[in-house]
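Peer 1: 3D model of this:
(one chain, ligands or ions: 1)
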Amino acid sequence: HPLRVGVVGVGVMGADHVRRLATRIANATLVAIADPDAERAQELADEPGAGVRVIADPMELIADDGVDAVLLASPGAVHTEQLLACIERGTPVLCEKPLTMDSESSMRVIEAERAGGRALVQVGFMRRFDPEYARLKQLLDSGDLGRTLMLHQVHRNLTVPNPHFASEMIVRDSLVHEVDCARWLLGEEIASVQVISPTPTRHALEGVVDPQVSIFRMASGAVVTNEVFVNSRTGYEVRCEAVAESGSAIIGRPASGIYTTRTVPGGGAGSWGGGIDPDYRTRFERAYDLEVQAWVDATRRGELVGPTSWDGHASTVVCTAGMESLATGAPVDVALRAPAIRA
Ligand code: ISE
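Peer 2: Numbers count the residues shown, from 1 in each chain. From the prediction side, this is the model:
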């Protein structure tokens, strides 16, 4: 039978996933949604295609016998207890990033999962499912360009929905994607992280360090530079350039499709006809669709694909070090240790 999915949390991403599950994902039935904001949950449940039960308490949804698998899109701060509840019941879960808020809690999640003897958690690093990122990964792995020496990653948001998106959140919620991409594309761990603070944009709230430039030193000696700029006021721009010994490759340049020029109101320079996605829901729409479909298909087979709780933990450890570096500007070593319990 189709996988019966419950969605916990209907913020920006949760709502997007509700619509995705209700209309675009095969072999899955959206059966329930839970959010402390029952009104918002009800509005979504009433949308065409959704028509599902609203359960006020997320823990009740997780415990519901009619729910085979959980898509967790609640705020990171409540992930730990919700993940532990899923693991205790043996319920597979697709957990939006960040896995948890700190290294210690993410290690608890891994250890619970391993104690249960079954990998249950896929982490929502959707870029791994983006066709362009996947091609870049394939190219680097093929060895055609030789050894990869550097990555240059750019991550700009038009603006952030939460006005209190603080400096630490830029590390924990935005840089975390670059952390995962660096680990995944290069196939190795990050040894140290340094976060540098340029003069902030005047569009950031007083005291918020935006943009941020970070440098990852990888275990092999490769270096990754990152710009994260969440109040760029231009659009959602996510790019990655890999520089290898025998060539380089860039992804994330908006496809130009038809090339048209137009005059700018008031005269002066023209502009080209391409647009920039306003946010991640459109830029990574295909990635999210592929990610959720892969999760549903693997879960029905009793398998797990994509980023695991270990990937979630590793990225949390790097971001914890990144937050420490943010305060001082100095490089901070990343201390990753293996979990005590093996599956
Ligand atoms: C957001 O939480 C995401 O995950 C987006 O992918 C990212 O671009 C954004 O900066 C975060 O706030």
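
Peer 1: what's the pLDDT at the residue of the stretch 101-250 of the chain found nearest the ligand?
Peer 2: Distances between the stretch 101-250 of the chain and the ligand by Cβ to the nearest ligand atom are smallest at S174, namely 3.5 Å. (C-beta placed from N, C-alpha, C; glycine too.) Confidence at S174, expressed as pLDDT, is 96.

Peer 1: could you do R342 as well?
Peer 2: Note on R342: pLDDT of 54.

Peer 1: now do the contacts for the nearest residue to the residue of the stretch 101-250 of the chain closest to the ligand once chain neighbours are set aside.
Peer 2: Among residues not flanking S174 along the chain, V228 sits closest, at 4.9 Å (Cβ to Cβ, 6 or more residues apart in numbering). Taking Cβ atoms under 8 Å, 6 or more residues apart in numbering, we find V228 in contact with 155-156, 170, 174-175, 178, 210-212, 214.

Peer 1: and V296, by the same measure?
Peer 2: V296 neighbours (Cβ under 8 Å, 6+ apart): 3, 5, 25-28, 69.

Peer 1: from what I see, A182 and S220 are in contact.
Peer 2: No: applying Cβ atoms under 8 Å, one finds A182 not in contact with S220, separated by 11.7 Å.

Peer 1: comparing those two, which shows the higher neighbour count?
Peer 2: A182 (25 against 13; other Cβ atoms under 10 Å).

Peer 1: hey, what's the closest residue to the more buried one other than its chain neighbours bridged with?
Peer 2: Leaving aside its chain neighbours, A182 sits nearest to V224 (4.5 Å; criterion: Cβ to Cβ, 6+ apart). Beta-bridge partners recorded for V224 (DSSP bridges): L151, F216.

Peer 1: what about V224, neighbour count?
Peer 2: 25.

Peer 1: how about G117?
Peer 2: Considering only other Cβ under 10 Å, G117 is surrounded by 10 other residues.

Peer 1: how about E324?
Peer 2: 15.

Peer 1: go on, I190?
Peer 2: Using other Cβ under 10 Å: I190 sits among 24 other residues.

Peer 1: that one contacts M218, doesn't it?
Peer 2: Yes: counting by Cβ under 8 Å, I190 does reach M218; the two are 6.0 Å apart.

Peer 1: between the two, which contacts overlap?
Peer 2: Both I190 and M218 are contacted by 182, 224, under the criterion Cβ under 8 Å, 6+ apart.

Peer 1: quick one on the thing from earlier: using the three-state scheme, assign the residue nearest to S174.
Peer 2: Taken by DSSP: H, G, I helix; E, B strand; the rest coil, the conformation at V228 corresponds to strand.

Peer 1: kindly report the same for the one 5 residues further on.
Peer 2: Classification of R233 into helix, strand or coil gives coil, according to three-state DSSP.

Peer 1: isn't it up against L158?
Peer 2: Yes: counting by Cβ under 8 Å, R233 touches L158, with 6.6 Å between them.

Peer 1: those two - which one has more neighbours?
Peer 2: L158 (16 against 11).

Peer 1: check contacts around the more buried one.
Peer 2: 232-236, 278-279.

Peer 1: got it, and N27?
Peer 2: By Cβ under 8 Å, 6+ apart, the neighbours of N27 are 2-3, 296-297, 300.

Peer 1: and those, which two are furthest apart?
Peer 2: Taking Cβ to Cβ as the measure, the contacts of N27 span a maximum distance of 11.2 Å, between P2 and D297.

Peer 1: centroid-nearest residue for this structure?
Peer 2: F125 (3.8 Å; Cα atoms, centre = their mean).

Peer 1: close to the ligand, is stretch 300-307?
Peer 2: No: shown here: stretch 300-307 not in contact with the ligand (Cβ under 6 Å from any ligand atom), separated by at least 13.4 Å.

Peer 1: can you tell me the average pLDDT over that stretch?
Peer 2: 96.

Peer 1: same question, stretch 26-40
Peer 2: The model assigns stretch 26-40 a mean pLDDT of 95.

Peer 1: can you give me the offset of it from its chain's centre?
Peer 2: 20 Å (Cα atoms, centre = their mean, to the nearest Å).

Peer 1: what residues sit buried inside it?
Peer 2: 28, 30-35, 40 (16 or more other Cβ atoms under 10 Å).

Peer 1: of these, which belong to strands?
Peer 2: 28, 30-34 (DSSP state E).

Peer 1: which secondary structure element contains S248?
Peer 2: Take DSSP states H and E as the rule and S248 turns out to sit in strand 247-251.

Peer 1: which strands and helices sit next to that strand?
Peer 2: Where contact means 3 or more Cβ pairs under 8 Å, 6 or more residues apart in numbering; DSSP states H and E, strand 247-251 is packed against helix 131-142, strand 237-244.

Peer 1: residues making contact with that strand?
Peer 2: 132-133, 135-136, 139-140, 144-146, 239-242.

Peer 1: output the residue of the stretch 201-343 of the chain whose distance to the ligand is smallest.
Peer 2: Y280 (4.0 Å).

Peer 1: now that residue, nearest residue through space, not along the chain?
Peer 2: Leaving aside its chain neighbours, Y280 sits nearest to Y236 (5.9 Å; criterion: Cβ to Cβ, 6+ apart).
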